[in-house]
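J.: Let me see the structure of the following:
(one chain, ligands or ions: 1)
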Amino acid sequence: MSTAILSAFAQEQAGLIELLENPVCVKRAGREFWRGHLHGQPVVLALSKLGKVAAATTATTVIEAFEAKRLVFTGVAGGVGPGVKVGDVVLATDFVQHDMDCSPLFPRYEIPLYGLSRFACDAALNAHLLEAAQQALVSIVGASNAKVHQGLIASGDRFVSSAAEVAALTQGLVDAGHPPLAVEMEGAAVAQVCHDYGVPFAAVRTISDRADDTAHVDFNAFVRDTASRYALGMVQAFLKRL
Ligand code: ADE
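T.: Predicted coordinates for the structure are as follows:
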């Protein structure tokens with residue numbers, strides 16, 4: 001029974017693989033899963049790939065084939081809530097799919113046949129991850145001014161990259177009572193899989209952009225130079241607390 005650490009990008013995962021004790025790479029579902037120990041904890045490291053379907057496949061595989069007893073996701077997100085700045089961190093309390101629309105059969109944003117629009121993260125895991133994130137950011141060079149926000153994250157199969165789009169997307173969610181702090185492309189899918197299996201889930205996202213017309217500028221450099229260091233520090237601090 002291990003802790004699954006899912007990353008969106010290989011750069012975020014690389015530092016963790018380097019630290020892995022007794023690493024073993026297993027191939028499944030067109031993906032590489034790295035088993036081993038980190039800070040005394042049995043872990044399985046995996047890439048979600050991008051988008052909801054790919055992330056759901058990775059989440060299902062770590063649960064079914066690697067017996068993950070909890071999942072933690074690290075990645076980047078576009079900040080859309082007030083005061084959520086590039087370089088800040090958002091700890092998800094819950095997830096909504098901003099592109100789910102089965103209206104008029106079901107209310108906008110509701111996941112059909114679940115009677116739910118949001119999937120909650122695990123409160124106990126979140127408490128650990130919040131402390132870990134706050135502790136890690138203090139010691140990461142350049143991160144000491146980063147704020148850790150907690151709230152709703154909206155996922156969908158779009159890289160949101162225009163001021164008009166982010167305004168419309170956010171307004172729709174706000175009007176429906178789901179004000180988001182950040183947008184990304186995987187978390188709600190992983191949260192839904194974990195809900196289905198009854199497996200605790202938590203997610204922390206470093207804000208890489210504001211989902212506006214400049215969202216793509218410096219994106220890769222941010223993931224490589226900043227988000228990867230944040231993810232490494234936060235995951236290590238988290239595992240030490242388990
Ligand atoms: N991940 C990071 N930034 C994002 C954005 N602007 N839209 C969707 N996913 C993201």
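
J.: Around the ligand, pick out the residues from the protein.
T.: Within the chain, the positions lying close to the ligand (C-beta under 6 Å from any ligand atom) are 76-78, 159-161, 183-185, 208-209, 211, 215. Every residue, glycine included, has its C-beta placed from N, CA and C.

J.: Check the protein for the residue nearest the ligand and tell me.
T.: Closest to the ligand within the chain is residue 78: 2.9 Å, counting by C-beta to the nearest ligand atom.

J.: so that residue sits in a strand?
T.: Yes - remark: residue 78 belongs to a strand, assigned using DSSP: H, G, I helix; E, B strand; the rest coil.

J.: Skip the chain neighbours and tell me the closest residue to it.
T.: residue 211 (3.2 Å; C-beta to C-beta, 6 or more residues apart in numbering).

J.: that older thread, could you check the pLDDT of the residue of the chain closest to the ligand?
T.: Looking at residue 78, its pLDDT reads 98.

J.: other SSEs contacting whatever helix or strand residue 239 lives in?
T.: Secondary structure assigned from DSSP states H and E places residue 239 in helix 228-241. Where contact means 3 or more C-beta pairs under 8 Å, 6 or more residues apart in numbering; DSSP states H and E, helix 228-241 is packed against strand 2-7, helix 10-19, strand 31-38, strand 68-79, helix 123-139, strand 201-209.

J.: hmm, try it at 7 Å
T.: helix 10-19, strand 68-79, helix 123-139 (3 or more C-beta pairs under 7 Å, 6 or more residues apart in numbering; DSSP states H and E).

J.: Taking strand 201-209 as reference, get the angle to the longest one.
T.: Think helix 123-139. Counting by axes from the mean of the first three to the mean of the last three C-alpha atoms, to 10 degrees, helix 123-139 lies at 40 degrees to strand 201-209.

J.: what do you get for the first one?
T.: For helix 10-19 against strand 201-209, the angle by the same axes, to 10 degrees is 130 degrees.

J.: what's next to the next helix or strand after helix 10-19, contact-wise?
T.: Note on helix 10-19: by DSSP H and E, the next helix or strand toward the C-terminus is strand 21-28. Strand 21-28 has contacts (C-beta atoms under 7 Å, 6 or more residues apart in numbering) with 17, 32, 33, 34, 35, 36, 37, 61, 65.

J.: can you check stretch 41-53 too?
T.: 2-8, 10, 13, 16-17, 31, 33-37, 54-55, 58, 62, 66, 68, 155, 157, 185-186, 188-190, 239, 242.

J.: circling back: biggest separation within the contacts of strand 21-28, which pair?
T.: Maximum pairwise distance among the contacts of strand 21-28 (C-beta to C-beta): 20.1 Å, between 37 and 61.
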